[in-house]
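# I need the structure of the sequence given here:
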Amino acid sequence: MTTGLTSKLARLAPDLAPIRHSRDFRLLFAGQAASFTGLMICFVALPYQAYSISHSSLVVGLLSFAEIVPVLLAGMLGGALADTVERRKLIVLTQAAQVLCIAGLAVNALALRQVWLLFALAALFTGFNGIQRPSIEVLVPKLIPHQDLPGASALSSLLGTFGETGGPLIGGGLLVGGTALAYFAAAAVCAAGLVPFALMTASPPEPEAGRPSVRGMAEGLRYARSRPDLLGTYLIDIGAMLFGAPYAVFPQIAAGLGGPAVLGLMFAAPGFGSMLVSLTSSWTRHVHHHGRGIALAVIAWGIAIAAFGFAPDLPLALLALAAAGGADTVSGLFRMTMWNQSIPPRVRGRMAGIEMISYSTGEPIGNLEAGAVATLTGSVRLAVVSGGLLSILGAAAVSLALPALWRYDARNVTPTTGSDHLQATIPSCAG
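Next up, the predicted model:
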């Protein structure tokens, strides 16, 4: 009886196997922890500063929307570079560039207070982050064995959870002392991430990798088109963020409920739900229909966002946001495992770029949509609730249009250990 209970509890514990098995994964994880915490401090400070200067949720939405072009360019370029250059060096250089951008934001907040400079530096910061991200994702399957990939996905989610929770809470507290203080703290934390990144073993590209080229990018797009199950993961995530991202209206809501401290709580609330899922992540090893998990999780996200719009008070609003964060994490766990287990090394960087575009473009457009609806209709509730309902409809539409996503079964995937040919074979998704 005790053994059975222990076994059940073990299923609910975080899977630490990747950290135990790989020094370089530990260093990568530490660098990401610092980098993401700094990123999340900026995630709170940027909309707060934009709203404090303009007093407009539309301007906040436009600030997020301005990231789209850098994300598109960086996603394709970063994906191509991740397949063709030494990844550790690229990660270090882009991390240093992000530190400089955040330092520029601090100077702007301290002395200049220029909205155009806020937009420009935010776009540059997003671009460098976008170039870096595919190289980080390409490294993970190279550092740990195939059977540890679900654990790595869960740990990545757990890392994101702590960043999404701690970063906004720290950022909200720092904003009480001024926007410049928050930016300087974010720059310092991101600078700390340079150390573990620099200590990692060099990671050269695959032997047959060529120079980054338009032809190489086109090859990545052709591979993505050949995998309707993968396309489904990209499209369903874009839909969830496109319709259901309510972040642009957070400063407006927080302004009537207590200011920066409440804003920090609202940005952190999804992280608490995400943390609960991530800390009990071992169960994901026993789920094989990842596509179904993704679709159902996105539907749960839409329900939670709609509930946030109807919440009559702050505690229930935070609870709804926490539920949304948990659902988003379930979706993210299965998306990441699906990508890592079935995409061959030869195109993994380019697929990571496309993946980054899928989750990074939906949110800025969604923020613009939420800010515009709230501004034009005068109703924050309408902006939030309609987005949640449309997220549900979007998940259903993608699942119906791309049934391979729903039929995906990880037990039919050949491990992607080779580098010179496409090895992912998924019979259950045929047709």
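# And the helices in the stretch 251-400 of the chain, which stretches?
260-279, 290-310, 314-342, 348-377, 380-401 (DSSP state H, counting those that start in this stretch).
# measure the closest residue to M40 other than its chain neighbours to G173 for me?
Spatial nearest neighbour of M40, excluding adjacent residues (CB to CB, 6 or more residues apart in numbering): G167 at 2.4 Å. (C-beta placed from N, C-alpha, C; glycine too.) According to CB to CB, to the nearest Å, G167 and G173 sit 11 Å apart.
# The helices of the stretch 251-400 of the chain: which one's closest to L143?
Proximity to L143 (CB to CB) singles out helix 314-342 among the helices of the stretch 251-400 of the chain, at 11.1 Å.
# and that closest one, which residues are buried?
Buried residues in helix 314-342, counted by 16 or more other CB atoms under 10 Å: 314, 317-342.
# the inter-axis angle of the helix or strand where G130 lies versus helix 314-342?
Assigned by DSSP states H and E, G130 belongs to helix 115-143. Calculated by axes from the mean of the first three to the mean of the last three CA atoms, to 10 degrees, helix 115-143 forms an angle of 50 degrees with helix 314-342.
# I'd like to know which elements helix 115-143 is packed against.
When contacts are defined as 3 or more CB pairs under 8 Å, 6 or more residues apart in numbering; DSSP states H and E, helix 115-143 packs onto helix 23-54, helix 57-65, helix 68-84, helix 87-107, helix 149-175, helix 314-342, helix 348-377.
# one more time with 7 Å, if that's ok
Helices and strands in packing contact with helix 115-143 are listed as helix 23-54, helix 57-65, helix 68-84, helix 87-107, helix 348-377; criterion 3 or more CB pairs under 7 Å, 6 or more residues apart in numbering; DSSP states H and E.
# what mean pLDDT does it have?
Helix 115-143 shows an average pLDDT of 84 in the prediction.
# Just the buried residues of that helix, please?
Within helix 115-143, the residues that qualify as buried are 115, 118-141, 143, counting by 16+ other CB under 10 Å.
# On the pLDDT front, check I303 for me.
On the pLDDT scale, I303 gets 92.
# Pull the number of nearby residues for it.
19 (other CB atoms under 10 Å).
# Relative to F267, how far out is it?
For I303 relative to F267 (CB to CB), the value is 20 Å.
# And F25, by the same measure?
Taking CB to CB, one finds F25 at 28 Å from F267.
# Could you check which of these two is surrounded by more residues?
F267 (26 against 22).
# What is the neighbour count of the closest residue in space to L235 that isn't next to it in sequence?
Distances taken as CB to CB, 6+ apart place V398 nearest to L235, at 5.0 Å, with adjacent residues excluded. Residues contacting V398 under the criterion other CB under 10 Å number 25.
# residues in contact with V398?
Taking CB atoms under 7 Å, 6 or more residues apart in numbering, we find V398 in contact with G232, L235, I236, G239, L405.
# how does it look with 6 Å?
For V398, the contacting residues are G232, L235, I236, by CB atoms under 6 Å, 6 or more residues apart in numbering.
# in the protein, which helix or strand is least confident?
Least confident element among the helices and strands of the chain, by mean pLDDT, DSSP states H and E: helix 2-12 (a mean of 50).
# and the helix or strand just after that helix, what does it pack onto?
Sequence order places helix 17-21 as the next helix or strand after helix 2-12, per DSSP H and E. Secondary-structure packing of helix 17-21 (3 or more CB pairs under 6 Å, 6 or more residues apart in numbering; DSSP states H and E): helix 149-175.
# Give me the helices and strands touching the helix or strand that the helix it packs on is followed by, please.
Following helix 149-175 in sequence order, the next helix or strand is helix 179-192 (DSSP H and E). Under the contact criterion of 3+ CB pairs under 6 Å, 6+ apart, helix 179-192 touches helix 23-54, helix 87-107, helix 149-175.
# how big is the angle separating helix 179-192 from helix 23-54?
Inter-element angle recorded for helix 179-192 and helix 23-54: 170 degrees (by the same axes, to 10 degrees).
# Any stretches of the stretch 301-431 of the chain with poor pLDDT?
For the stretch 301-431 of the chain, the stretches with pLDDT under 70 are 346, 348-350, 352-362, 413-431.
# please redo it, this time with the cut-off set to 90
Judged by pLDDT under 90, the stretch 301-431 of the chain has its weakly predicted residues at 308-317, 325-391, 394-395, 398-399, 401-431.
# repeat for the stretch 101-250 of the chain
106-127, 129-182, 200-250.
# sorry, back to before: and the helices and strands packed on helix 115-143 as a markdown table, adding distance to G178?
Putting these into a markdown table (distance: least, CB to CB, whole Å) gives the following:
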| stretch | distance to G178 |
| --- | --- |
| helix 23-54 | 10 |
| helix 57-65 | 19 |
| helix 68-84 | 27 |
| helix 87-107 | 10 |
| helix 348-377 | 24 |
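# Next up, the contacts around G166.
By CB under 6 Å, 6+ apart, G166 has no neighbours at all.
# ok, it to L175 distance?
Counting by CB to CB, the gap from G166 to L175 is 15 Å.
# Likewise for A97?
24 Å.
# Let me see the contact set for M266.
By CB under 6 Å, 6+ apart, M266 lies in contact with F250, A254.
# For L318, see how far away it is.
M266 is 7 Å from L318, by CB to CB.
# now V249
Computed as CB to CB, the V249 to L318 distance reads 15 Å.
# Against T84, how distant is the closest residue to N340 other than its chain neighbours?
Computed as CB to CB, 6+ apart, the closest residue to N340 that is not its neighbour in sequence is L149, at 4.6 Å. Going from L149 to T84 by CB to CB gives 23 Å.
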